[in-house]
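Q: have a look at this fold, sequence not included:
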DNA sequence: GGTACGAATGACTTGCGGTCAGTGACTACA
DNA sequence: TGTAGTCACTGACCGCAAGTCATTCGTACC
């Protein structure tokens, strides 16, 4: 009796195809200008059907966002899984985040909706927990890598790996957001290349958290790169 | 014939009293959950009247936000105007921003609405320019102070004062936002005090942008403080 | 062929941002 | 003092979009 299972699969694929449709519309118009009617039309379903699968427009938005989160998670995991030296991995994690922004701006933008609590009053408890847990997993992975850095005496032992992760991550995020929203502004009014600013701040922070041993490694890598 | 002038004054005070009302409601409920009907009631005016003074709900929101911006501007200007040593001033600027957050969280939250372009499609060109110019003024003030640091050879001459300002400001902002939204979360799940993390990252960054001379000054000040 | 049941529908309700024809208080002038 | 003109103000109304639910439809099972 595979009917229940088939139904289950169909339900799952329906959920996915709704996300497909929602993604198209959200990418195109953003949260505010997208309408459920438009998403329904794109999905070739009636509006009411959308609500059988997602509690609200915002839930649907987050469902799309979680695809981006998974994508980023995968990209970072591959970097960590490649088992390069700690410092090299750290630099690669940073580059990978930038790469994620460059290649998946739409997902990147969505992720900051979740970080701005005042804009999602309509999110279901369930979806909220779901996002929290995926986010937490991603953080834990990066934090664990930083812990390795401490163990290997590449990272200053007087600094908490968790705090360092927060600082590095926050720095990259906020500058990427600024690049996204204000790159031309700063270029034109101040002749500032925000991408350079991001590299600069990352380098300043990384240098300041490394031990002497770590710094040696860092400069060795940077020299090799520039050759 | 002072009638025109009186009318002018009355118009101005009406605008202010509308902002007063809007502020109460927005502080209480945030942008999304506040309604123009509620603001009108609070202002003891008909809804239509609000639109004689502000083009949209979002314009009104930004009008309130600009009060916060002016407040912050004033606080920072006083610090810079006190003409302490460069490093001391830099530390104070940082503390003042934190203080602004602590004492005026509502304004702080509003300010990040303006930084998130995807959420304001309804803002009039006029209000947008107005916000931009006030923001620009605030930035310029801080950037100018950093330039002084370079001139006084307290700040590394190989770093652009503008870029440093962007990095320090962004770092503080993003961590204050995190404190606002996730302080308890990090405290409970990771035993991390984000306020400490903010101080840490600020110190790491400041140290990394100072010259040897600047660092001497910094440590002199920190030692005096801790005594 | 009939029945049970979940999936899907779309007309409808609700709520809010924004509009505009109408009102009346105040001003200017004869 | 009477009258025409101005303008701040009003609130009923409009359009739109999120979300609902009584009804219909398709399929499995008897």
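A: The structure has been received and is ready for your questions. Quantities reported herein were computed from a predicted structural model and do not represent experimental measurements.
Q: residues in contact with stretch A:129-147?
A: Stretch A:129-147 has contacts (CB atoms under 8 Å, 6 or more residues apart in numbering or on different chains) with A:62, A:65-66, A:69-70, A:72-73, A:76-77, A:80, A:86, A:89-90, A:93, A:114, A:155, A:161-162, A:164-165, A:169, B:189. Where you see a C-beta, it was placed from the backbone N, CA and C, and this is true even at glycine.
Q: if you set the cut-off to 6 Å instead, what comes out?
A: Contact with stretch A:129-147 is made by A:62, A:66, A:69, A:73, A:80, A:114, A:161, A:162, A:164, A:165, as judged by CB atoms under 6 Å, 6 or more residues apart in numbering or on different chains.
Q: next up, the contacts around the first one.
A: Read that as residue A:62. A:127, A:131.
Q: please redo it, this time with the cut-off set to 8 Å
A: By CB under 8 Å, 6+ apart, the neighbours of residue A:62 are A:113, A:114, A:120, A:123, A:127, A:130, A:131.
Q: domain parsing of chain A, as residue ranges.
A: A:1-53, A:64-226 (automatic domain parsing).
Q: pLDDT on the shortest one, on average?
A: In other words, domain A:1-53. For domain A:1-53, the mean pLDDT works out to 91.
Q: centre of the chain to that domain, how far?
A: 23 Å (CA atoms, centre = their mean, to the nearest Å).
Q: for residue A:148, give its distance to chain B.
A: Per CB to the nearest CB, to the nearest Å, residue A:148 is found 17 Å from chain B.
Q: can the helix or strand where residue A:148 lies be found next to DNA strand D?
A: Here residue A:148 is covered by helix A:125-151, with elements defined by DSSP states H and E. No - for helix A:125-151, no contact with DNA strand D is found by CB under 7 Å from any atom of the strand; the gap never falls below 12.1 Å.
Q: so which of the domains of chain A is the most surrounded?
A: Neighbour counts (mean count of other CB atoms under 10 Å in any protein chain shown) averaged over each of the domains of chain A peak at domain A:64-226, with a mean of 17.
Q: what's the helix or strand for the residue nearest to residue A:49 when sequence neighbours are not counted?
A: Ranked by CB to CB, 6 or more residues apart in numbering or on different chains and with sequence neighbours excluded, the top spatial neighbour of residue A:49 is residue A:40, at 7.1 Å. Using DSSP H and E, residue A:40 sits within helix A:36-43.
Q: which of the domains of chain A has the lowest average pLDDT?
A: domain A:1-53 (a mean of 91).
Q: can you tell me the residue of chain A closest to DNA strand C?
A: Nearest residue of chain A to DNA strand C: residue A:48, at 1.6 Å (CB to the nearest atom of the strand).
Q: so which strand or helix has that residue?
A: Per DSSP H and E: helix A:47-53 holds residue A:48.
Q: which SSE is immediately downstream of that helix?
A: Next along the chain from helix A:47-53, counting by DSSP H and E, comes helix A:57-81.
Q: how about that next one, does it reach DNA strand C?
A: No - judged by CB under 7 Å from any atom of the strand, helix A:57-81 makes no contact with DNA strand C; its nearest approach is 13.3 Å.
Q: what angle separates that helix from helix A:36-43?
A: Calculated by axes from the mean of the first three to the mean of the last three CA atoms, to 10 degrees, helix A:57-81 forms an angle of 60 degrees with helix A:36-43.
Q: can helix A:57-81 be found next to DNA strand D?
A: Yes - against DNA strand D, helix A:57-81 shows contacts by CB under 7 Å from any atom of the strand at A:57, A:58.
Q: show me what the helix or strand just after that helix is packed up against.
A: Downstream of helix A:57-81, the first helix or strand assigned by DSSP H and E is helix A:86-103. Secondary-structure packing of helix A:86-103 (3 or more CB pairs under 8 Å, 6 or more residues apart in numbering or on different chains; DSSP states H and E): helix A:57-81, helix A:105-114, helix A:125-151, helix A:161-190, helix A:194-209, helix A:212-226.
Q: what helices or strands is the helix holding residue A:48 leaning on?
A: Under the contact rule (3+ CB pairs under 8 Å, 6+ apart), helix A:47-53 is packed against helix A:3-33, helix A:36-43.
Q: quick one: which of those is nearest DNA strand D?
A: Here helix A:36-43 is closest among the helices and strands packed on helix A:47-53 (CB to the nearest atom of the strand), at 3.5 Å.
Q: quick check: residues of chain A near DNA strand D?
A: Applying CB under 7 Å from any atom of the strand, we find that chain A lies next to DNA strand D at A:1, A:3, A:34-37, A:47-48, A:51, A:56-58, A:122.
Q: flag every residue of chain A that's near DNA strand C.
A: A:7, A:11, A:14, A:44, A:45, A:46, A:47, A:48, A:49, A:51, A:52.
Q: who wins for proximity to residue B:177 among the helices and strands packed on helix A:86-103?
A: Taking CB to CB, helix A:161-190 is the member of those nearest to residue B:177, at 8.6 Å.
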